[in-house]
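>>> only geometry, no sequence info:
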């Protein structure tokens with residue numbers, strides 16, 4: 001809902017870059033959070049906030065990349081091209097799991113003290129790779145004019161949020 005309307009207003013390419021950068025920055029900052037002993041309750045609160053930003057950006061990335069793939073795919077290949085965006089999600093999960101398998105081999109004291117931070121700190125600069133790849137690919141795409149956003153009637157906002165939140169609390 002958030003990045004979809006931003007994509008309509010400012011363009012999907014630009015919005016996709018915002019979501020990629022938001023994910024990279026939020027992930028990198030997770031590795032920099034001071035421990036509970038240093039800043040108390042603020043540490044888990046900051047972690048939850050950063051994880052919410054990661055989730056927000058992940059949703060925007062998935063929807064934005066699906067839209068861009070669909071809109072720029074050749075006729076008759078839209079399903080095939082759009083399906084590859086979901087494979088990127090699976091590949092990212094696989095690579096993150098492999099990173100933590102390597103970290104899990106560290107001595108437990110070192111892993112708990114600082115080792116868990118390594119994948120998060122590496123992920124920030126690593127986000128430059130997909131960002132540069134996405135920029136190169138998007139330069140080759142024809143430009144789409146941003147559409148004038150349509151307003152969602154206020155009567156639909158509450159049922160929309162209630163429907164998405166029900167599985168969490170049910």
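Received, thanks. The structure presented is a predicted model; accordingly, all values stated were derived computationally and were not measured.
>>> need the nearest residue in space to residue 31, chain neighbours excluded.
In space, and not counting its chain neighbours, residue 31 is closest to residue 120: 3.2 Å by C-beta to C-beta, 6 or more residues apart in numbering. Where C-beta positions appear, they are placed from N, C-alpha and C, glycine not excepted.
>>> using the three-state scheme, assign that neighbour.
The three-state label for residue 120, taken from DSSP: H, G, I helix; E, B strand; the rest coil, comes out as helix.
>>> okay, now it: neighbour count?
Applying other C-beta atoms under 10 Å, we find 19 other residues in the vicinity of residue 120.
>>> quick one, what contacts it?
Under the criterion of C-beta atoms under 8 Å, 6 or more residues apart in numbering, the contact list for residue 120 reads 27, 28, 30, 31.
>>> dump those to a markdown table, plus distance to residue 66 and neighbour count.
Conversion of these to a markdown table gives the following (distance: C-beta to C-beta, whole Å; neighbours: other C-beta atoms under 10 Å):
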| residue | distance to residue 66 | neighbour count |
| --- | --- | --- |
| 27 | 21 | 23 |
| 28 | 25 | 18 |
| 30 | 26 | 20 |
| 31 | 29 | 17 |
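>>> now, among those residues, which is nearest to residue 82?
When those are compared for distance to residue 82 (C-beta to C-beta), residue 27 comes out closest, at 25.1 Å.
>>> which ones are touching the closest one?
Residue 27 touches 50, 54, 120, 123, 124, 127, counting by C-beta under 8 Å, 6+ apart.
>>> just the residues you listed now: which is nearest residue 99?
Closest approach to residue 99 among those (C-beta to C-beta): residue 123, at 8.1 Å.
>>> test my guess that residue 100 contacts residue 119.
Yes: under the contact definition of C-beta atoms under 8 Å, residue 100 touches residue 119, with a separation of 6.2 Å.
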